[in-house]
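Participant: Mind looking at a prediction? Sequence and model below.
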Amino acid sequence: MPVQNARHVNLRAILAQLEADGVAGYAEQAQYLGNITEGRLSAMDRGGAIDVMFAEHVEWVLHRRRGWMDELHSDDPLEA
């Protein structure tokens, strides 16, 4: 499913950026993002489904526009 693919690509980029910023490991990243458990975040990072509510929550927490998680961003600095 293309939307799930985009969400997984974006989630991996977000987690990599958080790690680069010193928020390392699923426990710290889950706490930073809020509204998610360490186990669920880990499962999503390993390919588990990313639901709309979590995608929208991440967009809100990271000040991204609605729908950002559902799109690929090859020109986005976050992807570098």
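Facilitator: Sure, I can see it. Residues are numbered from 1 along each chain as shown.

Participant: just checking, what packs against whichever strand or helix holds Leu18?
Facilitator: Assigned by DSSP states H and E, Leu18 belongs to helix 2-20. Applying 3 or more Cβ pairs under 8 Å, 6 or more residues apart in numbering; DSSP states H and E, one finds that helix 2-20 contacts helix 25-33, helix 38-45, helix 52-61. For glycine as for every other residue, the C-beta is placed from the backbone atoms N, C-alpha and C.

Participant: Make CSV from the ones you listed and add mean neighbour count, mean pLDDT and distance to Arg7 to it.
Facilitator: Shown next, in CSV, are the helices and strands packed on helix 2-20 (neighbours: other Cβ atoms under 10 Å; pLDDT from 0 to 100; distance: least, Cβ to Cβ, whole Å):
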stretch, mean neighbour count, mean pLDDT, distance to Arg7
helix 25-33, 16, 98, 14
helix 38-45, 16, 98, 8
helix 52-61, 16, 97, 6
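
Participant: Met1 is nearest to which of those helices?
Facilitator: helix 52-61 (12.5 Å; Cβ to Cβ).

Participant: The closest one versus helix 2-20: what angle between them?
Facilitator: Orientation of helix 52-61 against helix 2-20 (axes from the mean of the first three to the mean of the last three Cα atoms, to 10 degrees) gives an angle of 40 degrees.
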